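Novice: Output the structure for:
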Amino acid sequence: MTRLEELTIKLADDVLTDVEASELEVLLATQSEAAAPHTRLLEIEVALRGQRETLDLAGPTLTRLRSELGASVERGVMQQLETAPLPPWTRTRTITPSMSHAGKLRWFAEIFPWRWPLPKLARPTMLAFAASVILLLSLGVWLFGPTMGQPVIAEVKGMDASIERGTEFIPTAKGMSLRSGDVVRLGTNASATITFGVERTRFELTAGTELKLISLAHGKRYLLASGKIRASVARQRPFHPMIFTTPQAEARVLGTKFSLLTTANATRLEVSEGKVQFTRSSDGSSTKVTAGQYAVVAANYELLAQPLTGSILREYWTNVPGEYFMDFLTKHRDFPDHPSGRDYLDKFETPSHWGTNYGARLRGYLHPPTTGEYTFWIAAGDGGQFFLSPDDDLQKRQQIAYANATALHEWTRIPGQQTSPITLIAGRKYYVEVMQKQGTNREDHLAVAWQGPGRARQVIPGEFLSPFIPKPKGQK
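Specialist: Sure thing, here's the model as predicted:
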């Protein structure tokens, strides 16, 4: 399958990412010959999907077609093309536009009888034709047939794992096939992996997970009652997405990599590849979550796709002399576009005893887990300034706290280290930034802490932070 065909099919399935959409636009704009096959493939997709609802081929037959017939056709065609002796090739015939359809068929039959081997000059064309036939055969099987084998327990760890099947509770074991209605339950010390035969789909179930297989008849459907699942999902049939429901939400998947975590009060989706349609069950509102994003369904939580959390960006400039005055950094010749280096911190705190005569800027986004009032503190070895925006726009940031020559995690040395309570809304992200200047004092450190609803004061963990992504040079 060419890249054009791959992108066209993704477009038809509405799983084309923004980057891939740009790539497809470039292909169509720069390759004049690409428009026709692109349009034709979309027409084929529409026609095939229109017939799909009325066609129900048996699974075993299609499995045999995929594994035996496709391979047999390929072997037979290729063997004939490569090994058959050359025939006398003396006749030349011309096909004209005036020929009737039947005449064209007779002409083709005379020049290319089925049992005649082909000349060397014709072999490249027929090789391409044979490959196209095999591709169409595979495409037909993929579109109209099942995309999976029976789901099977590929691996299980720990003893506290069982399958509820009707009124029975069966210990989970490697190699067990799952049926519709089965419920996989894992205890606190168990984990399991599910695979799907020929389909490259894989589920990893963590401890404490309860997963029910609802149906495989018209797309795979599951109920994740509790726990966490990490999934790598092969591309599903058109109009037959994989669907996961939880007590709070629904996730519709065509082909992607993601993780889904559900508790009694919330469901969190994280996507590392592809795209997932994420819907809140209570009111039907939904959002598309793409690669590198997450979304949460919970009470008092806005349903928005946000960048994945886990770290915050630190940029640093070395050989910046002077004590705690930010002018030493902001007026340096390399600030702000040419830092000496960048790294990512897994919490809102820099390494201690890192160096002297340097400046740093930490920036990213804050993701509050609960709507309510939050108080912030900053501590810094020589000095630091803490900025917060009322939303994700860095241009709106304002300084809300500062520190000067504090000890490590000394939050209350001067009044300016602490903010007044600030209301933040869960589901939104807020731009945050810290400027740090370190002089010759070897006791260098910097940290930002918060306190909020149901949360005691702590250095802000990476799970509530996402890094700022600097734009390429010259891009506004």
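Novice: For the stretch 251-400 of the chain, give me the ranges with low pLDDT.
Specialist: Residues of the stretch 251-400 of the chain that meet the criterion pLDDT under 70 lie in 324.
Novice: Mind doing that once more with 90?
Specialist: Where the stretch 251-400 of the chain drops to pLDDT under 90, the residues are 254-255, 319, 321-333, 336-338, 353, 382-383.
Novice: Would you mind measuring from the residue sitting nearest the centre point of the chain to residue 202?
Specialist: The chain has residue 273 as the residue nearest its centroid, 2.2 Å off, counting by C-alpha atoms, centre = their mean. According to C-beta to C-beta, to the nearest Å, residue 273 stands 13 Å off from residue 202. For the C-beta atoms, the positions are set from N, CA and C on the backbone; glycine is no exception.
Novice: Residue 19 - how many residues pack around it?
Specialist: Using other C-beta atoms under 10 Å, residue 19 has 10 neighbouring residues.
Novice: Same question for the one 10 residues further on.
Specialist: Per other C-beta under 10 Å, the neighbour tally for residue 29 reads 10.
Novice: just residue 292 next, same as before
Specialist: Counted by other C-beta under 10 Å, the residues lying close to residue 292 total 16.
Novice: Repeat that for residue 307.
Specialist: Residues near residue 307, counting by other C-beta under 10 Å, number 18.
Novice: List the beta-bridge partners for it.
Specialist: Each beta-bridge partner of residue 307 is listed here, defined by DSSP bridges: residue 293.
Novice: same thing with the one 5 residues further on?
Specialist: With DSSP bridges applied, the residues forming beta bridges to residue 312 are residue 345.
Novice: Begin at 40, not 1, for the rest of this chat.
Specialist: In the new count, where the first residue is 40, that last one comes out as residue 351.
Novice: I'd like the distance from it to residue 471, if you could.
Specialist: In this view, residue 351 and residue 471 are 8 Å apart by C-beta to C-beta.
Novice: go on, residue 387?
Specialist: Applying C-beta to C-beta, the value for residue 387 to residue 471 is 8 Å.
Novice: got it, and residue 257?
Specialist: Spatial separation of residue 257 from residue 471 under the definition C-beta to C-beta is 46 Å.
Novice: Of these two, which one has the most company?
Specialist: Set residue 257 next to residue 471 and count neighbours by other C-beta under 10 Å: residue 471 wins out with 24 against 12.
Novice: The more buried one in helix, strand or coil?
Specialist: strand (DSSP: H, G, I helix; E, B strand; the rest coil).
Novice: Hmm, residue 426 and it touching each other?
Specialist: Yes - Residue 471 is in contact with residue 426 according to C-beta atoms under 8 Å; the separation is 6.9 Å.
Novice: Show me the common contact partners of those two, please.
Specialist: Here residue 471 and residue 426 share the contacting residues residue 436, scored by C-beta atoms under 8 Å, 6 or more residues apart in numbering.
Novice: that older thread, show me whatever sits in contact with both of residue 351 and residue 471.
Specialist: With C-beta under 8 Å, 6+ apart applied, the overlap between the contact sets of residue 351 and residue 471 consists of 387, 401, 402, 403, 504.
Novice: returning to that earlier point: what sits in contact with each of residue 387 and residue 471?
Specialist: Residues within reach of residue 387 and of residue 471 at once, by C-beta under 8 Å, 6+ apart, are 351, 401, 487, 504.
Novice: and of the residues you listed, the nearest to residue 231?
Specialist: Using C-beta to C-beta, the shortest approach to residue 231 within these belongs to residue 504, at 31.7 Å.
Novice: Leaving out the residues flanking it, which one is nearest to that closest one?
Specialist: Distance criterion C-beta to C-beta, 6 or more residues apart in numbering; nearest residue to residue 504, sequence neighbours excluded, is residue 351 at 4.5 Å.
Novice: list the contacts for the spatially closest residue to residue 292 that is not a sequence neighbour?
Specialist: With C-beta to C-beta, 6+ apart as the criterion, residue 292 has its nearest non-adjacent residue at 4.3 Å, and that residue is residue 281. By C-beta under 8 Å, 6+ apart, the contact list for residue 281 reads 240, 258, 259, 260, 261, 272, 275, 291, 292, 293.
Novice: Alright, calling it a day.
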